[in-house]
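Peer 1: need coordinates for the below:
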Amino acid sequence: MVKAFVGIDPSMRKNGFAICLMKENKLYFQKYKKLAHWASDAMTWTNDIFIVVEDSSLQNITFNKYADGRSRTKISRNVGMNQCASRFAIDWLELHGHKVKGISPYAKGSKWTLDYAMELIKQLNLTILGNRKLSQDDIDAFQLALIAQSIMNYDKE
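Peer 2: Next up is the predicted model:
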């Protein structure tokens, strides 16, 4: 039985992995600057969670088509690194017995603003653990955690 939902926004950029755990109307946010730190911590997770990972490899595209050649090469390299991080996260979680689904950035939908996310948190009567302002990565991970909950609720019907 699933008791919690996790959204993972993986990245190899300087911000690293962003995680949102949603359990019993509480939200917990965590960032991991290094892939190895995330993988080490993920080994301690229980198997009663459902996880959604933004998998950029499902949408093989470089978003900034107006950049010059050198910039486009750098952007493409970063996209490739993030695609690798996405696939690694999903494979690692499946290998360790977790229920996980990868979704494309397109399927995740457009970026939410901080105001929109905070209003949604208020409407859903959720509490953020810890005293912190949410970053865009946190908001993306929260969006993925809600998608995980939605998928599980849909599967019950």
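Peer 1: can we go C-alpha only for contacts and neighbour counts from here?
Peer 2: Fine.
Peer 1: surely residue 15 touches residue 33?
Peer 2: Yes: between residue 15 and residue 33 there is a contact under CA atoms under 8 Å: 5.8 Å.
Peer 1: give me the three-state assignment for residue 29.
Peer 2: strand (DSSP: H, G, I helix; E, B strand; the rest coil).
Peer 1: compute the number of surrounding residues for it.
Peer 2: Neighbour count of residue 29, defined by other CA atoms under 10 Å: 21.
Peer 1: check contacts around it.
Peer 2: Residue 29 makes contacts with 18, 19, 20, 21, 129, 138, as judged by CA atoms under 8 Å, 6 or more residues apart in numbering.
Peer 1: same question for residue 17.
Peer 2: 8, 9, 10, 11, 31, 32, 33, 34, 35, 38.
Peer 1: returning to that earlier point: select only the buried ones of the contacts of residue 29 in PyMOL?
Peer 2: This is how PyMOL selects the buried members of the contacts of residue 29, with burial counted by 16 or more other CA atoms under 10 Å:
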select buried, resi 18+19+20+21+138
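Peer 1: pick out the most distant pair among the contacts of residue 29.
Peer 2: Put simply, by CA to CA the two of those set farthest apart are 18 and 129, 15.0 Å from each other.
Peer 1: tell me the bridge partners for residue 100.
Peer 2: Beta-bridge partners for residue 100, by DSSP bridges, are residue 51.
Peer 1: those helices in this structure, which residues are they?
Peer 2: In the chain, the helices defined using DSSP state H lie at 35-42, 69-95, 105-108, 114-123, 136-156.
Peer 1: among these, which comes closest to residue 57?
Peer 2: Checking the helices of the chain against residue 57 by CA to CA gives helix 69-95 as the closest, at 4.7 Å.
Peer 1: same question for the closest one, mean pLDDT?
Peer 2: Helix 69-95 comes out with an average pLDDT of 74.
Peer 1: try stretch 132-143
Peer 2: Average pLDDT, stretch 132-143: 93.
Peer 1: list the buried ones in it?
Peer 2: Neighbour counts over stretch 132-143 (16+ other CA under 10 Å) mark 137, 138, 139, 140, 141, 142, 143 as buried.
Peer 1: just name the shakiest helix or strand of the protein by mean pLDDT.
Peer 2: Counting by mean pLDDT, DSSP states H and E, the chain has its least confident helix or strand at helix 69-95, which shows a mean of 74.
Peer 1: distance of the residue nearest to residue 59 when sequence neighbours are not counted from residue 131?
Peer 2: Among residues not flanking residue 59 along the chain, residue 104 sits closest, at 5.8 Å (CA to CA, 6 or more residues apart in numbering). From residue 104 across to residue 131, the span is 30 Å (CA to CA, to the nearest Å).
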